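Asker: return atomic coordinates for the entry below.
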Amino acid sequence: MPSSWVMNQRYFLAATAAGAVPWMIPLLDDDMETLRAIYDRLDGVLIPGGVDINPAEYGEAVRPECGNLDPARDRVELQLVRWAIEEGKPVLGLCRGMQIINVAKGGTMWQDLASQKPSFHKHDFFPTAGFERDHLAHEVDVVPGTRLSHYLDGARCPVNSMHHQGVKTLGQELQVSATADDGLIEAIETMGESFCIGVQWHPEVFEMTDPHTRQLFGGFMAAAVEWSTANAAPRAGVGG
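Answerer: As a prediction, this is how the structure comes out:
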């Protein structure tokens, strides 16, 4: 059977509802020239959820508890995020996407929370274990004054939780913007004016029902439009 690139449609629907024209990027990890040409036509980068990040990307050996890996996807998403952060192009990372942002900036991960840090609470409320994707598993404390707090309008926020990995050491030039009650980092963002936010939960599930989620996606879209407007002239030659 030939290889396929597959992605949950909820990410596309949530982005479209916010006014985006989503473009699924092929995993051309061995063709950086084409990947760069695709990237240059984007106004923002949304990194969705998915399988575990290869621990080799943050200098560790794979533990037995680590789940499925997709090295090609790791290489593509890490490169996209590094390009975007360097240029100030907006980035929104969801679940695995938040972890990609952290690793792209030199951070490391807990490969398996339950076995490596038993003091953490349960975070793996997966549909395969009988939980609905909109199950509100716990609350997070949002750090006042962060970009994320501007969109969530509150100090605490209930979230769903479908992950067994988490941020161990924070990447360079990143700040924590939300934590769980057990101390696990639940959201991060870059310092400065550029929009680069990662959340450990799956807000795309709630885009149609939760106003705060709509504000987060809307903020990402507004930042993408602003970036596109400010960079229209340099991009004209590549069909932007």
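Asker: once you drop chain neighbours, what's closest to Met162?
Answerer: Nearest non-adjacent residue to Met162, counting by CB to CB, 6 or more residues apart in numbering: Phe126, 5.4 Å away. All C-beta atoms are positioned from the backbone trio N, CA, C, and that covers glycine.
Asker: what about the one you found, neighbour count?
Answerer: 14 (other CB atoms under 10 Å).
Asker: can you tell me how far it is from Arg133?
Answerer: Using CB to CB, to the nearest Å, we find Phe126 at a distance of 9 Å from Arg133.
Asker: overlap in contacts, those two.
Answerer: Met162 (CB atoms under 8 Å, 6 or more residues apart in numbering).
Asker: quick one: low-confidence parts of the protein?
Answerer: For the chain, the stretches with pLDDT under 70 are 1-2, 233-240.
Asker: let's see that with 50 instead.
Answerer: 235-240 (pLDDT under 50).
Asker: what residue lies at the spatial centre of it?
Answerer: Residue closest to the mean C-alpha point of the chain, counted by CA atoms, centre = their mean, is Gly93 at 1.6 Å.
Asker: parallel or antiparallel, which strands does the host helix or strand of that residue pair with?
Answerer: Secondary structure assignment for Gly93, by DSSP states H and E: strand 91-94. The pairing partners recorded for strand 91-94 under DSSP bridges are strand 45-47 (parallel), strand 196-199 (parallel).
Asker: TSV please, covering these and showing distance to Ile185.
Answerer: Shown next, in TSV, are these (distance: least, CB to CB, whole Å):
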stretch	distance to Ile185
strand 45-47	16
strand 196-199	10
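Asker: which parts of this structure are helices?
Answerer: With DSSP state H, the ranges of helices along the chain come out as 9-17, 32-39, 71-87, 96-104, 113-116, 147-152, 211-230, 232-235.
Asker: quick one, which of these gets closest to Ala187.
Answerer: Closest to Ala187 of the helices of the chain, according to CB to CB: helix 147-152, at 5.4 Å.
Asker: what sits up against the closest one?
Answerer: Defining contact as CB under 8 Å, 6+ apart, one finds that helix 147-152 is touched by 142-143, 177-178, 187, 189, 195, 197, 199, 212, 215-216, 219.
Asker: rewinding a little: can you redo the helices of the chain as CSV with mean neighbour count and distance to His138?
Answerer: Below are the helices of the chain laid out as CSV (neighbours: other CB atoms under 10 Å; distance: least, CB to CB, whole Å):
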stretch, mean neighbour count, distance to His138
helix 9-17, 17, 21
helix 32-39, 14, 35
helix 71-87, 19, 26
helix 96-104, 27, 16
helix 113-116, 16, 13
helix 147-152, 20, 15
helix 211-230, 18, 16
helix 232-235, 11, 42
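Asker: how far away is Glu132 from Trp110?
Answerer: To Trp110, Glu132 is 25 Å away according to CB to CB.
Asker: between the two, which has more neighbouring residues?
Answerer: Between Glu132 and Trp110, counting by other CB under 10 Å, Trp110 is the more crowded of the two (22 against 10).
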